[in-house]
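Engineer: Let's see this in three dimensions:
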Amino acid sequence: MPSQPTPARRTVLTGAAALTAAGFVAKPMPALAGPGKHRTRLTVLGTTDLHGNVFNWDYFKNLEFDDKAHNDIGIAHAATLIKAARARLGRQPVLTLDAGDTIQGTPLAYYYARIDPITGGSTHPMANAMNLVGYDAAALGNHEFNYGIDTLRTFESQLDFPLLGANAVDPATGRPVFPPYVIKNFDVPGGPSLKVGVLGLTNPGIAIWDKANVEGRMEFPGLVEQAAKFVPELKRRGCDVVVISAHSGADTSSSYGDALPWPENAASLVAEQVPGVDAILVGHAHKEIPERFVTNTKTQEKVLLCEPLYWGMRVAVIDLDLQHVHGQWKVVARHGQTLNSNTVAGDPAVLAAVQAQHDTVVDYVNSPIGTSTTALSADRAVVEDVPIIDFVQFVQADAVKAGLTGADAALPVLSIAAPFNRAASFPAGQVTVRDVAGLYIYDNTLLGVKVTGAQVKDYLEYSARYFQQVSGTGPFTVAEVTRAVTPTAPNGTPDYNFDSVAGLDAPLTYAIDIAQPVGSRIVGLSYDGQPVAPGQEFAMAVNNYRQSGGGGFPHVSTAPVVYNQQNEIRQLIIDWVTKHGVIDPAQFASVDWHLVSGGQPVVIS
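Structural biologist: This is a model prediction of the structure:
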């Protein structure tokens, strides 16, 4: 089976030509200022949020990856740029860093965490690839903890470089349980040696998102607080330059609200509040920031922030120009840029090292695991209650119900789902792992929370913001009624933020009146044929993204958790199909919600 064709649209380039095509701009060194006799440049090459991508491959489509911008993905492409940059820089001091989220996100990563786990003797494909790239260090991402600490520690043991986490600490001692930093010494031709400290920081949200894996074993204090402890320590140890690799976005915010006292995205705060930081390689936010400067409030020094795009689409280049002044190296200029990976082919050594594992996973995701009695599609899931979304809700609710204990076992169970991928479908006949994985494209885990009837209605009203307000019953196109623009979604509310809710043992029924203003759209909310009472209690199956505050949906982030076994929802669906063999909508499908305008059914062409 072909697994990595060379795309016709890309010209294969190497060396200096590859860097130029990728957007590299050589920044001139400033002239010597003052009494300094020596100068040099430290270059930091960086990646982040690789999420298990080695090849430029979409496992769910079984095709080479492509998007509207014709980005390419995968560490193999990033490796080509990194090696070309190193060759150009010669003897100049160079660091290669990653800012986290490495071992989760693709079937390739999942397979070697769950199907053929590295804890049983396999080597993780990301370890194979990253060792060949030659990283100096990587920060821990929050998704490193998804598969448990044993898997993470095994991955760590397979690396030729340290995983850094100054704010992953022992609850008893408060000391880091991973190396907080690494110090690198560089010989400077004709000048004194250069000592560089690299501090690694991860995300406080791990305490919420992977509570079942880390509770009682690790705690995750704030980035600013830990940087304030360890940057002075690096300075005391003689570091001329301090670079931080931070799995935390640049724009201060928290998807979990005030559930933790430390912000999720705090890279700018570190730059602003902690003296002595020269540059930060930013991760987590999946944004591209070629160059941003933040002024430290105490020293007035400018700190450079740079974030390359995720999945290996970009490589960060941070240049720190240094001059030896009064017996020490001082940063006198800073530059940042990002290089586009779509101009180069994947590094042959990296591709070869992971090819067999990649081929194994391609075979795995294309293997049949059951049959569907009829063709099912998610195409119209944003405007009508379709069986394929009912199936997700059914599997989630069934798992939560089986896991409830004590008095909670008597709670009626509801389940949320959103149309993550409207292109998802099950054919009539054989269904493969890839078909199921294409329906549920995220590695979310399942939780159950206890909610009241009033909270369910609030949740649905919030979800109904997805629809544009219209008058009349149409006919309308899908685009005319969906993806409403809001202050928090200026480009339109994404499909994944439209949740419907279904009951397991009895129907939860309601209408969405899109002629009404936001907050007054849910009509006739009933359970088992009776109006839902405000104080009525339910267990509701939700994913960890929603329960952690993702999307800002009300109540679920603070509701009591009654089920949390850290089961990946996608794998639960795969396991259900594997166990039962047949997907029959008669078992789970019903039309429980519909769109109306002024109480009359809306026609969507």
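Engineer: Any chance of the backbone angles for the closest residue to residue 514 other than its chain neighbours?
Structural biologist: Of all residues not flanking residue 514 in the chain, residue 467 sits nearest, at 4.4 Å (C-beta to C-beta, 6 or more residues apart in numbering). For glycine as for every other residue, the C-beta is placed from the backbone atoms N, C-alpha and C. Residue 467 adopts backbone torsions of phi -90, psi 140, taken as degrees, to the nearest 10.
Engineer: So for residue 467, what's the pLDDT?
Structural biologist: Per-residue confidence (pLDDT) for residue 467: 98.
Engineer: burial count for it?
Structural biologist: 24 (other C-beta atoms under 10 Å).
Engineer: can you check residue 236 too?
Structural biologist: Residues near residue 236, counting by other C-beta under 10 Å: 8.
Engineer: Distance-wise, check it relative to residue 276.
Structural biologist: When distance is defined by C-beta to C-beta, to the nearest Å, residue 236 is 11 Å away from residue 276.
Engineer: and what of residue 187?
Structural biologist: The separation that residue 187 has from residue 276, given C-beta to C-beta, amounts to 24 Å.
Engineer: okay, the two: which has more neighbours?
Structural biologist: Using other C-beta under 10 Å, the more surrounded residue of residue 187 and residue 276 is residue 276, with 19 against 11.
Engineer: Show me what the strand or helix carrying residue 323 is packed up against.
Structural biologist: Using DSSP states H and E, the element containing residue 323 is strand 314-325. The contact analysis (3 or more C-beta pairs under 8 Å, 6 or more residues apart in numbering; DSSP states H and E) places strand 314-325 against strand 39-47, helix 75-89, strand 241-246, strand 279-282, strand 302-307, strand 328-340.
Engineer: and among the ones you listed, the most buried is which?
Structural biologist: strand 279-282 (a mean of 30; mean count of other C-beta atoms under 10 Å).
Engineer: Need the CA coordinates for that one. PDB is fine.
Structural biologist: Taking Å, rounded to 0.1, in the frame of the first residue of the first chain, the C-alpha atoms of strand 279-282 are listed here in PDB:
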ATOM      1  CA  ALA A 279      13.300  34.500  24.400                       C
ATOM      2  CA  ILE A 280      10.400  32.100  24.600                       C
ATOM      3  CA  LEU A 281       9.500  29.300  22.200                       C
ATOM      4  CA  VAL A 282       5.700  29.300  22.500                       C
END
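Engineer: need the contact list for residue 247.
Structural biologist: 48, 99-101, 139-142, 201-203, 283-284 (C-beta atoms under 8 Å, 6 or more residues apart in numbering).
Engineer: Average pLDDT for the host helix or strand of residue 509, rounded please.
Structural biologist: Applying DSSP H and E as the criterion places residue 509 in strand 508-513. Strand 508-513 comes out with an average pLDDT of 98.
Engineer: Low-confidence regions, the stretch 251-400 of the chain specifically.
Structural biologist: Confidence mapping of the stretch 251-400 of the chain against pLDDT under 70 gives the ranges 255, 257.
Engineer: Tell me where it has helices.
Structural biologist: 267-273, 348-365, 387-403 (DSSP state H, counting those that start in this stretch).
Engineer: Who are the packing partners of the second one?
Structural biologist: What it means is helix 348-365. Against helix 348-365 (3+ C-beta pairs under 8 Å, 6+ apart) you get helix 75-89, helix 107-110, helix 125-133, helix 433-439.
Engineer: The lowest-mean-pLDDT helix or strand in the chain: which residues count as buried?
Structural biologist: Lowest mean confidence among the helices and strands of the chain (mean pLDDT, DSSP states H and E): helix 15-21, at a mean of 75. Using 16 or more other C-beta atoms under 10 Å as the test for burial, helix 15-21 gives 18-19, 21.
Engineer: Just put those in TSV and tack on distance to residue 40.
Structural biologist: Shown next, in TSV, are the buried residues of helix 15-21 (distance: C-beta to C-beta, whole Å):
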residue	distance to residue 40
18	24
19	20
21	27
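Engineer: between the helices of the stretch 251-400 of the chain, which gets nearest to residue 126?
Structural biologist: Smallest distance to residue 126 across the helices of the stretch 251-400 of the chain (C-beta to C-beta): 8.6 Å, for helix 348-365.
Engineer: Compute the inter-axis angle for that closest one and helix 125-133.
Structural biologist: 170 degrees (axes from the mean of the first three to the mean of the last three C-alpha atoms, to 10 degrees).
Engineer: Run the chain-centre distance for helix 348-365.
Structural biologist: Put simply, helix 348-365 sits 22 Å off its chain's centre (C-alpha atoms, centre = their mean, to the nearest Å).
Engineer: Can you show me the CA trace of it as CSV?
Structural biologist: Provided in CSV are the C-alpha atoms of helix 348-365 (Å, rounded to 0.1, in the frame of the first residue of the first chain):
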residue,chain,number,x,y,z
PRO,A,348,14.8,10.5,4.2
ALA,A,349,16.4,9.3,7.5
VAL,A,350,13.3,10.2,9.5
LEU,A,351,10.9,8.7,7.0
ALA,A,352,12.9,5.5,6.8
ALA,A,353,13.1,5.1,10.6
VAL,A,354,9.3,5.3,11.0
GLN,A,355,8.1,3.8,7.6
ALA,A,356,7.4,0.3,9.0
GLN,A,357,5.4,1.7,12.0
HIS,A,358,3.5,4.0,9.6
ASP,A,359,2.6,1.2,7.3
THR,A,360,1.4,-0.9,10.2
VAL,A,361,-0.9,1.9,11.3
VAL,A,362,-2.2,2.5,7.8
ASP,A,363,-3.2,-1.2,7.6
TYR,A,364,-4.8,-1.0,11.1
VAL,A,365,-7.0,2.0,10.3
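Engineer: Run through who's touching that helix.
Structural biologist: Applying C-beta under 8 Å, 6+ apart, the set of residues contacting helix 348-365 is 1, 3-4, 54-55, 57, 59-60, 62, 75-76, 79, 107-108, 111-112, 115-116, 125, 128-129, 132-133, 432-434, 437.
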